[in-house]
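A.B. asks: Need coordinates for the below:
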Amino acid sequence: MINPVYSPASDRYAGGMKFRRCGKSGILLPEISLGLWHNFGDVNTFANSQAMAHYAFDKGITHFDLANNYGPSYGSAEETFGEIMKKSFMPYRDELFISTKAGHDMWPGPYGEWGSRKYLMNSLNQSLKRMNLDYVDIFYSHRFDPDTPLEETLQTLVDIVRQGKALYVGISKYPADAAAFAYKYLEERDVHCLLYQGRYNIFNREPEEEGILQQAKENGTGFIAFSPLAQGLLTNRYLNGIPQDSRMAKGNFLKKEALTEEVLKQIKALNEVAARRGQTLAEMALAWLLKDDLVTSVIIGASSVAQLADNLKAIENTTFSAEELEEIEKIMK
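C.D. replies: The predicted model follows:
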């Protein structure tokens, strides 16, 4: 059987997805974005990856978030997305907002990671080829490099925009002082920093505690959250132990040591709050990130269309009472 040519849902912008302005820019991002960190690599079936991408776009998710070393293996998530572009999305390129990043380990030798001009330029050129794209909508410096002069990294971002290889640039996981320098440097060269991407969830409050959220807002930069479910801790997966097929059982990124008695107690208490709201724990955790205007969009990962559909229910109720917010804070203390 030959798969029919993809035709997106005609009501994709009328199905409930809401869009938020990205800082002081013309860009609107969907409240939920799809991340291709895992589940889109060459160890996964193309059919499942394609089905998730199609479903996402059909539901109004226009933003697809990638990086050079997403997979596994390195580069394979971009290759998978490149195939989806070729087979499905190319006619709709102007409706899509596609990101990639460079900063982490990608290839052997001294030029295969961090923030040098050589690495960033070469990495983006490779990414564009893998994804069958002429340009990305936003290119990120994936992490702060303490050894490369920050001016070198940032000037490379400026030049990438001027070369037309990215429409916008962003920074990810930068400490507040480096972020402040980056915002100023880029602004002075008429290349506004569109987005700060950071790890943020009910368990991990670093963007609040370090002033990153407020700093981004003051600089007219949007904030996009990754790891919103704390790699699965903020779901119902671990309420009754560790399932054999779970991330924690495999021990790759989420270790068994993370599920302490205290954390399990917090998860169960949060789950009770979610139940009273008529949400699953995952839905509430995603909604919590969207409770105010400090977060532009939340990047979710998914391993199936069903999981993606469940997560999208979060945007149906992102309003919290003062009592609910206070109860969540008490649970986390």
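
A.B. asks: hey, let's count contacts and neighbours off CA atoms from now on
C.D. replies: OK.

A.B. asks: Packing partners of the strand or helix carrying residue 325?
C.D. replies: Using DSSP states H and E, residue 325 sits within helix 322-332. When contacts are defined as 3 or more CA pairs under 8 Å, 6 or more residues apart in numbering; DSSP states H and E, helix 322-332 sits against helix 261-276.

A.B. asks: Off-centre distance for the helix it packs on?
C.D. replies: 25 Å (CA atoms, centre = their mean, to the nearest Å).

A.B. asks: can you list the weak-confidence ranges in this protein?
C.D. replies: Per-residue confidence for the chain (pLDDT under 70) gives these ranges: 1, 241-256.

A.B. asks: need the strands for it, in chain order.
C.D. replies: Counting by DSSP state E, residue ranges of the strands within the chain are 19-21, 28-30, 32-35, 63-65, 97-102, 136-141, 166-172, 193-199, 222-226, 297-300.

A.B. asks: Now tabulate those strands in TSV and tack on distance to residue 273 and mean neighbour count.
C.D. replies: Formatted as TSV, the strands of the chain follow (distance: least, CA to CA, whole Å; neighbours: other CA atoms under 10 Å):
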stretch	distance to residue 273	mean neighbour count
strand 19-21	26	17
strand 28-30	26	20
strand 32-35	22	25
strand 63-65	30	22
strand 97-102	34	23
strand 136-141	36	24
strand 166-172	31	23
strand 193-199	23	24
strand 222-226	22	25
strand 297-300	21	25
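
A.B. asks: Take the ones you listed and lay them out in TSV including distance to residue 321.
C.D. replies: Formatted as TSV, the strands of the chain follow (distance: least, CA to CA, whole Å):
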stretch	distance to residue 321
strand 19-21	21
strand 28-30	23
strand 32-35	22
strand 63-65	29
strand 97-102	33
strand 136-141	35
strand 166-172	31
strand 193-199	24
strand 222-226	22
strand 297-300	21
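
A.B. asks: nearest to residue 333, of the ones you listed?
C.D. replies: strand 193-199 (19.4 Å; CA to CA).

A.B. asks: contacting residues around the closest residue to residue 283 other than its chain neighbours?
C.D. replies: Distances taken as CA to CA, 6 or more residues apart in numbering put residue 314 closest to residue 283, at 4.3 Å, once the chain neighbours are dropped. Neighbour list for residue 314: 279, 282, 283, 284, 286, 287 [criterion: CA atoms under 8 Å, 6 or more residues apart in numbering].

A.B. asks: which two in these are spaced the farthest apart?
C.D. replies: Spanning the widest gap among those are 279 and 286, at 10.4 Å by CA to CA.

A.B. asks: Have a look at those two and say which one is more surrounded.
C.D. replies: Between residue 279 and residue 286, counted using other CA atoms under 10 Å, residue 286 has the larger neighbour count: 30 against 19.

A.B. asks: hang on, the more buried one packs against residue 228?
C.D. replies: Yes - the pair residue 286 and residue 228 qualifies as a contact (CA atoms under 8 Å) at a distance of 6.3 Å.

A.B. asks: any residues in contact with both of those two?
C.D. replies: The contact lists of residue 286 and residue 228 share residue 298, where a contact means CA under 8 Å, 6+ apart.

A.B. asks: Hmm, residue 228 is touching residue 201, no?
C.D. replies: Yes - taking contacts as CA under 8 Å, residue 228 lies within contact range of residue 201: 4.8 Å.

A.B. asks: Compare those two and say which is more crowded by neighbours.
C.D. replies: More crowded of residue 228 and residue 201, by other CA under 10 Å: residue 228, with 26 against 22.

A.B. asks: Helices of the chain, start to end?
C.D. replies: Applying DSSP state H to the chain gives helices spanning 46-58, 76-84, 117-131, 150-162, 176-188, 206-209, 212-218, 247-250, 261-276, 281-289, 305-312, 322-332.
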